[in-house]
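>>> just a sequence and a predicted model for now, questions to come.
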Amino acid sequence: LWLLSQPSPPPFRLLCITFGSPLLGNQSFSFSVSRSRLAHKFCQVVSIHDLVPRGNDDRFWPFGTYLFCSDSGGLCLENADSVCGMFRILNSTGTPKIEEHQGYGYYVSTLSHQFLISRSSCGGRISDNSYEAGVALAVESLGFSNDQESGVLVNECIETATKKNRAPILRTSELPKHIEWYKHNCDVSPKQFGYYDNFRKFSNTREIRVNMSRAKLAKFWDGVLEMVEKNELPFDFYLAKKWVYTSKFYQLLFEPLDIAYFYKYKYSRTSGHYMKSGNRPKRYEVIDKWWKERGEPNKEKRARTRYASTTQDTCFWAKLEEAK
């Protein structure tokens, strides 16, 4: 961690692997490692029969990738809750052996061999569903049976990890393109109205379609925020560059339209301005927070030649309306 946190990172890739002695910290430390995008640098290999790495102290919290291994195979988990759940299962089942602490060379050799060959058959009842079959195989790879209570508990750990690592799918990718087309046409129009003024002043068929796209994207991002608040996504999923830049692009392009819609239909002296009285949608406040926490310097490595919005201050139009 000290080496990785240096201002000038090493010229080579680092990977810390532990065998039977997983690195632990408290929950805050675990979150900090994940937020700094360093968790993937740590791989903790743990035998399900090893006595040493077991513990019931809730003060300690795992981080990094955990590879639970047995004679039959292995299971990788990255979600800390699922890792803790696996340790609880191991503590309540089987007979741990101190001798297992000396057997990691065997497990590495076995897993390497299994990785290079394909499993031709599998015992037990396996679902035709590819996802369920994969989960069932993972349970069996640790020597548990899908028909026993311990196997069901392991299955639940895998389900929890899978659910929290499953990012929402942006099926509305065509909607931003529609708004970009609308903005471009407004910019090149002889009337010289920008897309904010056009959407603010007119209610033609074109503006109605734009408003439908605006509402659909708002619903999608509100849904993402709700998933975060319900702890249904990894707490650091938004640190991925895909989500950092996708959310910011959405804000740059769509918040001016939300401001125009607000002053077109909702504003009154009683309700107050867009930036006051909680009128600004929470999703934009969260996106602002994500952008600030993205872990990159404010300066761009290379200059951008094109912007999604007329101004990078997405609240510019709200400030202008308030100043009228």
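Structure received. Note that this is a predicted model, so its numbers are computed, not measured. Numbers count the residues shown, from 1 in each chain.
>>> who does Cys76 form a beta bridge with?
Beta bridges link Cys76 to Leu67, judged by DSSP bridges.
>>> can you pull out the helices in the stretch 51-200 of the chain?
Ranges of helices within the stretch 51-200 of the chain are 80-92, 104-116, 130-141, 149-164, 174-188, 195-201, based on DSSP state H, counting those that start in this stretch.
>>> which of those helices comes out lowest on mean pLDDT?
Among those, helix 130-141 carries the lowest mean pLDDT, at a mean of 62.
>>> Leu239 and Asp222: what is the separation?
Leu239 is 20 Å from Asp222, where distance means C-beta to C-beta, to the nearest Å. Every C-beta, even on glycine, is put in place using the N, C-alpha and C of the backbone.
>>> quick one, which of those two is more surrounded?
Just comparing Leu239 and Asp222: by other C-beta atoms under 10 Å the higher neighbour count belongs to Leu239, 17 against 14.
>>> could you pull out the strands for this protein?
Applying DSSP state E to the chain gives strands spanning 16-19, 24-25, 42-47, 61-62, 65-70, 73-77.
>>> quick check: Met227 vs Phe220, distance?
According to C-beta to C-beta, Met227 and Phe220 sit 11 Å apart.
>>> with Gly85 instead?
Going from Gly85 to Phe220 by C-beta to C-beta gives 31 Å.
>>> quick revisit: turn the strands of the chain into TSV, including distance to Gln6.
Below are those laid out as TSV (distance: least, C-beta to C-beta, whole Å):
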stretch	distance to Gln6
strand 16-19	15
strand 24-25	20
strand 42-47	17
strand 61-62	25
strand 65-70	23
strand 73-77	28
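>>> now those in TSV, with mean pLDDT and distance to Leu253?
Compiled in TSV, the strands of the chain are given as follows (pLDDT from 0 to 100; distance: least, C-beta to C-beta, whole Å):
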stretch	mean pLDDT	distance to Leu253
strand 16-19	89	41
strand 24-25	80	40
strand 42-47	88	38
strand 61-62	84	39
strand 65-70	85	36
strand 73-77	80	38
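>>> so how far is Ser82 from the residue nearest the centre of the chain?
When the chain is reduced to its mean C-alpha position, the nearest residue by C-alpha atoms, centre = their mean turns out to be Phe237, at 2.0 Å. Distance of Phe237 to Ser82, computed by C-beta to C-beta: 15 Å.
>>> ditto for His49
With distances taken as C-beta to C-beta, His49 is found 19 Å from Ser82.
>>> the two: who's more crowded?
Taking other C-beta under 10 Å, His49 and Ser82 do not tie; Ser82 has more neighbours (24 against 20).
>>> could you give the bridge partners of the spatially closest residue to Tyr104 that is not a sequence neighbour?
What sits nearest to Tyr104 in space, not counting adjacent residues and going by C-beta to C-beta, 6 or more residues apart in numbering, is Phe19, at 4.1 Å. Listed by DSSP bridges, the beta-bridge partners for Phe19 are Val45.
>>> which stretches of the stretch 201-324 of the chain aren't confidently modelled?
231-232, 234-236, 295-311 (pLDDT under 70).
>>> ok so, going back, the residue nearest to Tyr104 - how many residues pack around it?
Using other C-beta under 10 Å, Phe19 has 22 other residues around it.
>>> right, I'll leave it there.
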